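Trainee: Sequence and predicted structure, then a few things I'm wondering about:
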Amino acid sequence: MVATPLGQDVGYGIVVGLGFLFALGMILTTFVLKRYNYELQTSEMFSTAGRTVKSGLVASAVVSSWTWAATLLQSSAVAYSYGVSGPFWYASGATVQIILFATIAIELKRRAPNAHTFLEVIKARYGAVTHIVFMIFGLFTNILVTSMLLTGGSAVVTSLTGVHTAAACFLLPIGVVLYTMFGGIKATFLTDYAHTVVILVILLMFAFTAYATNDNLGSPSKVWDLLQEASKRHPVEGNAGGSYLTMRSKEGAIFFVINIVGNFGTVFCDNGYYNKAIAASPVDALPGYIMGGLSWFAIPWLAATTMGLACLALENNPVFPTYPNRMNPSDVSAGLVLPTAAVAMLGKGGAVATLLLVFMAVTSAMSAELIAVSSIFTYDFYQTYINPKATGKQLIGMSHVMVVAFAVAMAAWSTGLYYIGISMGYLYLLMGVIISSAVLPATLTLMWSKQNWYAATFTPPLGFACSLIAWLVTAKKQGGELTVATTGANNPMLAGNVVALLSPLIFVPLLTYAFGPQNYDWVSMKQIRKGDDHDLAAAAHVDLELVPGERTHSITEEQAEQDKLYKASRIARWMTVFMTLAFLVLWPMPMYGSGYIFSKKFFTGWVVVGMLWMFCSAFCVGLYPLWEGRHTSVKIFKSIYLDITGRRKPSRAPVITDGKDGSVTLTEGVSEKVMEKQ
Ligand SMILES: NC(N)=O
């Protein structure tokens, strides 16, 4: 057995210790929000954060839940395999979906202002059968994403510390389960923020190490020289001149297509992204998603341009962990390029930083998945089919049970995947094959009044059947047999993914016009009502009307909100289409077509742009949310100070009314304004 850079004690310490630390932090945050910001944990608050979250926090939550283990590990693997194009294909092929989702987020808020989950919207329009079909695709998505988090995260923990993979699969979720259960979606917005900041700091540290301070690398110019040598030692088949320094990469381009398709599925079918749109205040959903998408782009791009290329540049150097051998392909697929580069550059320090980085990526994305699954079970299954009269307390109880149950099931499932040899890289290529046939019908549910029941209900399973056939037939034809290796190759995955995303382009119009268009009037979506939290409010002696997100809006207020959303929807369509074209066509295609091989100067410029972009991301999702929340933070810190110095205790039973500026004022017990609408 190869010696690991860190001992098992460090592995257990970080995985379990950090988990509990975050859980404690979350319990404290929830306590503070309740005691000083008067936030009552109603079922509405648990799953929608009162629909009041601002754009900076929405952006940081989007970035943190979209930053999976794969974002760092798989992107570095494609950089190692295809060179400079890999990080770009990964980043652009997964940014556009977040940006395009901004359009859907606005439509969701316009069409169904009181929805808790996207599935409720499906049910409101199409009824129970379609609802169940999309529930299954939604759960498949959550299962796939969580499997990738745990398989990738546990492989890294094992490779760096020797902790057994099965133990890592079960231990990684413990802290996140605890803090998600205590905090609900509002609390996860706050931990997401903390996770994102840590991830950005570590990635910038890696980039400065590779491109400025490391003895064996230390500058873009040195890395360029070493990449030239690597291209000579083992030219890349299908790349222009066999070089690692070109965007013209045949296998890279195949990965690009697979990546685009799969990520459409994992955004548009993941209830978590709709949850964040629902939690955003109406005017904040669009800027939140656009800022989140643009900020996220730098993460895989710079992470992989640093770590994937550093791995290539260092593997002919004795500091490389497997020197004189190159990395084993199964380790590349398992996601071990980034940890290997970190150890080659920074030794034990690199290993600790990687553990921290991967822990943050796994847990923050996992908390979003846990909330998504628990809200599907609570609202879409339990409340809809089992107990329609469920009280707020019962709904919260159900949410908690599902958070725990899903985490345990996924830990067991991911351990099983490890034993049968299915890695994170395999799942990453597979995800589109399984779920992307639901993307188009899901989108059209909010965007096209004509899509009928038959098209919405039958397109996802029909598309899924076609994509499975395309995937497996291509694998059998190309590989002669069906094994993990033959089904995991690029061409079968490409066939399955493309059929999954595009076959609905035939099924939806065919079924719609064969059985007659629906001509939907959008009324049933508007009629979705909020959960009944009167029992929780009464127990806490709080007027439910005064809890954020629970207040009934006047008709004039609702009309004003609809006007704003309509304006945002016009802007969103144009802006998102332009940005998508820029990321998928205008930027990469001329570089692909020309087969340009990066000069030293161009490569230096490329790296500098990556670093500057990362600084802009740090501003958007690191500093901006602090600025937006400054009034609330100052108020809370003031209240804490007054409380602990004994000068004023916070009110126990706030009775609150609306202030003119949207703030809320206590009228009994405490004379001072204590709460602002977030
Ligand atoms: N979220 C992704 N695709 O890294």
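Mentor: Noted; the coordinates are in hand.
Trainee: A helix includes residue 528, no?
Mentor: No. Counting by DSSP: H, G, I helix; E, B strand; the rest coil, residue 528 is not part of a helix but coil.
Trainee: and it, what does it touch?
Mentor: Counting by CB atoms under 8 Å, 6 or more residues apart in numbering, residue 528 makes contact with 112, 114, 115, 120, 121, 124. (Each C-beta comes from the backbone N, C-alpha and C, glycine too.)
Trainee: so how far is residue 455 from it?
Mentor: Look at residue 528 and residue 455: by CB to CB, to the nearest Å, they are 22 Å apart.
Trainee: repeat for residue 622
Mentor: On the measure of CB to CB, residue 622 and residue 455 end up 43 Å apart.
Trainee: Next, the buried residues of stretch 216-228.
Mentor: With burial defined by 16 or more other CB atoms under 10 Å, the residues of stretch 216-228 counted as buried are 216, 217, 220, 222, 223, 224, 226, 227, 228.
Trainee: residue in the stretch 401-550 of the chain nearest to the ligand?
Mentor: Residue of the stretch 401-550 of the chain nearest the ligand, by CB to the nearest ligand atom: residue 428 (7.6 Å).
Trainee: part of a helix, is that residue?
Mentor: Yes. Assessed with three-state DSSP, residue 428 lies in a helix.
Trainee: Can you classify residue 521 by secondary structure?
Mentor: coil.
Trainee: Quick one: neighbours of it, just the number.
Mentor: 9 (other CB atoms under 10 Å).
Trainee: Please see if the lengthiest helix in the chain touches the ligand.
Mentor: Ranked by residue count and defined by DSSP state H, the top helix of the chain is helix 165-208. No. Contact of helix 165-208 with the ligand (CB under 6 Å from any ligand atom) is absent, the minimum separation being 12.2 Å.
Trainee: which is the next helix or strand following that helix?
Mentor: As assigned by DSSP states H and E, the chain's next helix or strand after helix 165-208 is helix 220-233.
Trainee: And the contacts of that following helix?
Mentor: Contacts of helix 220-233 (CB under 8 Å, 6+ apart): 83, 210-211, 217, 241-245, 309-310, 312-316, 598, 600, 603-604, 606-608.
Trainee: Same question for stretch 402-411.
Mentor: 142-143, 146-147, 150, 169-170, 172-173, 176-177, 180-181, 366, 369-371, 373-374, 377-378.
Trainee: Next: stretch 316-327.
Mentor: Counting by CB under 8 Å, 6+ apart, 2, 5, 80, 216, 226, 229-230, 233-234, 311, 314-315, 328, 336-337, 340, 343-345 sit against stretch 316-327.
Trainee: pLDDT below threshold where in this protein?
Mentor: By pLDDT under 70, the low-scoring segments of the chain are 1-2, 37-52, 183-188, 530-554, 651-678.
Trainee: in which helix or strand would I find the residue of it found nearest the ligand?
Mentor: The chain approaches the ligand most closely through residue 71 (3.5 Å), counting by CB to the nearest ligand atom. Using DSSP H and E, residue 71 falls within helix 69-82.
Trainee: So what's the gap between the helix or strand following that helix and the chain middle?
Mentor: Using DSSP H and E, the next helix or strand after helix 69-82 towards the C-terminus is helix 85-111. Averaging C-alpha positions (CA atoms, centre = their mean, to the nearest Å) puts helix 85-111 11 Å from its chain's average.
Trainee: now helix 85-111 and helix 69-82, what's the angle there?
Mentor: Counting by axes from the mean of the first three to the mean of the last three CA atoms, to 10 degrees, helix 85-111 lies at 150 degrees to helix 69-82.
Trainee: what helices or strands is the helix or strand that helix 85-111 is followed by leaning on?
Mentor: Per DSSP H and E, the first helix or strand lying C-terminal to helix 85-111 is helix 118-126. Judged by 3 or more CB pairs under 8 Å, 6 or more residues apart in numbering; DSSP states H and E, the packing partners of helix 118-126 are helix 85-111, helix 128-161, helix 271-279, helix 439-447, helix 453-479, helix 523-526.
Trainee: make it 6 Å
Mentor: helix 128-161, helix 523-526 (3 or more CB pairs under 6 Å, 6 or more residues apart in numbering; DSSP states H and E).
Trainee: Take the ones you listed and lay them out in TSV including distance to the ligand and mean neighbour count.
Mentor: Shown next, in TSV, are the helices and strands packed on helix 118-126 (distance: least, CB to the nearest ligand atom, whole Å; neighbours: other CB atoms under 10 Å):
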stretch	distance to the ligand	mean neighbour count
helix 128-161	8	24
helix 523-526	28	16
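Trainee: Of all those helices, which one comes closest to residue 283?
Mentor: The closest of the helices and strands packed on helix 118-126 to residue 283 is helix 523-526. By CB to CB, the value is 19.1 Å.
Trainee: List the contacts of that closest one.
Mentor: Helix 523-526 is touched from outside by 111, 112, 121, 124, with contacts defined as CB atoms under 6 Å, 6 or more residues apart in numbering.
Trainee: Which residues of the stretch 201-350 of the chain lie near the ligand?
Mentor: Residues of the stretch 201-350 of the chain lying near the ligand (CB under 6 Å from any ligand atom): residue 263.
Trainee: And for residue 233, the neighbour number?
Mentor: 11.
Trainee: Ok, the one 4 residues further on next?
Mentor: Other residues near residue 237 number 9, with proximity taken as other CB under 10 Å.
Trainee: Ok, the one 3 residues further on next?
Mentor: By the measure other CB under 10 Å, the count of residues near residue 240 is 19.
Trainee: and if you look at residue 313?
Mentor: Residue 313, neighbours per other CB under 10 Å, totals 27.
Trainee: Over to residue 574?
Mentor: 10.
Trainee: got the domain boundaries for the chain?
Mentor: 8-440+552-623, 654-678 (automatic domain parsing).
Trainee: Which among these is found nearest to residue 495?
Mentor: When the domains of the chain are compared (using CB to CB), the closest one is domain 8-440+552-623, at 8.8 Å.
Trainee: Any idea how far apart the tips of the closest one sit?
Mentor: Using CA to CA, to the nearest Å, the end-to-end distance of domain 8-440+552-623 comes to 36 Å.
Trainee: again with stretch 152-171
Mentor: 14 Å.
Trainee: I'd like to know which elements whichever strand or helix holds residue 290 is packed against.
Mentor: For residue 290, the enclosing helix or strand under DSSP H and E is helix 285-314. In terms of contacts (3+ CB pairs under 6 Å, 6+ apart), helix 285-314 is packed against helix 55-66, helix 69-82, helix 85-111, helix 165-208, helix 220-233, helix 337-375, helix 600-618.
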